[in-house]
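J.: Predicted structure and sequence below. I'll ask about it afterward.
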Amino acid sequence: MVRSWCAPDINDGAVLDDTLCTVFESYRSLQSLCVVPLGVSKYSKEGRMRPHTADEASAVIDLVGHWQELFLHATGRRIVHAADEYYLMAGRPFPAVETYEGFGMYEDGVGIYRTFEQEFHGRVTEPTNPAEGFFAWVDSAPAEGYRAERNPSRPLTIRKKKTGNIGVLTGDYGAQLLSPLIEELGRDDVRVIPVSNSFFGGNIGVAGLMVGEDIAKALSKEPSEDRYLIPDVCLSQGKFLDGVTPDDLPRQVEIVATDGIALRNALEKNNA
């Protein structure tokens with residue numbers, strides 16, 4: 001499995017096309033290859049590094065789709081995949097479940113929406129999300145930090161709030177994924193609360209990089225009597241990346257495993 005970071009005007013377009021052509025000609029034995037957009041934070045110092053535009057993201061999707069067809073015809077496998085972020089940036093629908101061929105590159109952000117959707121709707125009984133969280137594939141990394149188990153040691157407690165309303169906190173990208181699924185429930189007691197990432201800035205919008213400072217800012221604007229759920233993927237050894245703990249937040253929160261099954265179960269408990 002190989003991850004290829006893609007930066008606009010640097011290694012997208014003709015360069016990406018040439019890269020995939022080389023893989024097609026010489027490396028068809030690869031299990032899978034994913035194209036991931038460059039993450040640009042406010043700390044980035046390289047002037048040429050910038051986020052993709054919607055049109056550029058759409059062009060990457062089209063190019064990947066073209067090579068998928070060639071790989072499929074030649075090997076019976078699509079091999080190359082575009083990360084979910086490209087579809088969000090381009091405002092395009094995600095590929096069908098079978099296109100992901102078993103979700104082998106889930107940890108690289110490929111197929112997260114489709115797996116979450118299947119889990120949330122009860123189409124599968126086991127979550128796809130790896131127990132050790134992002135970057136568990138780095139075998140040489142110590143079992144701490146990103147490789148540490150995501151769930152903190154304290155148990156999840158479900159407390160009935162006065163209003164019975166629920167706020168589900170997630171990153172800006174996660175909000176785009178969750179909002180349609182929540183709307184399908186037809187429940188006016190559940191809402192998605194996007195947490196903009198001021199800590200890293202730039203185009204960083206994944207739930208796994210939410211920090212306590214930004215979550216606290218979002219929660220401070222919300223009613224104190226509601227229930228609040230946050231995904232465990234943004235915690236490592238019980239702390240957010242900025243060292244803040246859930247107990248430091250201005251509202252009590254409940255830690256939920258980052259998969260559709262766990263979220264559905266947490267929402268159903270509100271009606272129990």
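T.: All right, it came through fine.

J.: is it true that residue 124 lies in a helix?
T.: No. Assignment of residue 124 by DSSP: H, G, I helix; E, B strand; the rest coil gives coil, placing it outside any helix.

J.: isn't it right up against residue 117?
T.: No. Checked against C-beta atoms under 8 Å, the pair residue 124 and residue 117 is beyond contact range at 10.0 Å. Using the backbone N, CA and C atoms, a C-beta is placed for each residue, glycine as well.

J.: In terms of neighbours, single out the busier of these two.
T.: When residue 124 and residue 117 are compared for neighbours, residue 117 comes out ahead with 19 against 15, by other C-beta atoms under 10 Å.

J.: what secondary structure does that one sit in?
T.: What three-state DSSP gives for residue 117 is helix.

J.: Which residues are in contact with it?
T.: The neighbours of residue 117, taking C-beta atoms under 8 Å, 6 or more residues apart in numbering as the test, are 181, 260.

J.: any idea how far it lies from residue 71?
T.: Residue 117 sits 25 Å away from residue 71, going by C-beta to C-beta, to the nearest Å.

J.: before we move on, what about residue 105?
T.: 14 Å.

J.: Same check on residue 191?
T.: 41 Å.

J.: who's in contact with the longest helix along the chain?
T.: In terms of residue count, the longest helix belonging to the chain (DSSP state H) is helix 54-75. Contacts to helix 54-75, defined as C-beta under 8 Å, 6+ apart, come from residues 6, 8, 12-13, 16-17, 20, 24, 28, 35, 37, 52, 77-82, 85-87, 89-92, 99.

J.: gap between it and the chain center?
T.: In terms of C-alpha atoms, centre = their mean, to the nearest Å, the centre of helix 54-75 is found 21 Å from the chain centre.

J.: got a list of what residue 177 touches?
T.: 84, 88, 112, 113, 116, 170.

J.: Go over the secondary structure and confirm it is in a helix.
T.: Yes. Per three-state DSSP, residue 177 lies within a helix segment.

J.: my read: residue 257 touches residue 127, true?
T.: Yes. Proximity of residue 257 to residue 127 meets the contact threshold set by C-beta under 8 Å, at 7.0 Å.

J.: coming back round to it: residue 191 and residue 71 - which one has more neighbours?
T.: The residue with more neighbours, out of residue 191 and residue 71, is residue 71; 20 against 14, by other C-beta under 10 Å.

J.: The chain: helices as residue ranges?
T.: Shown for the chain, the helices assigned by DSSP H span residues 13-26, 54-75, 84-90, 112-120, 172-185, 212-219, 260-269.

J.: Residue 186: how many residues sit nearby?
T.: Residues near residue 186, counting by other C-beta under 10 Å, number 7.
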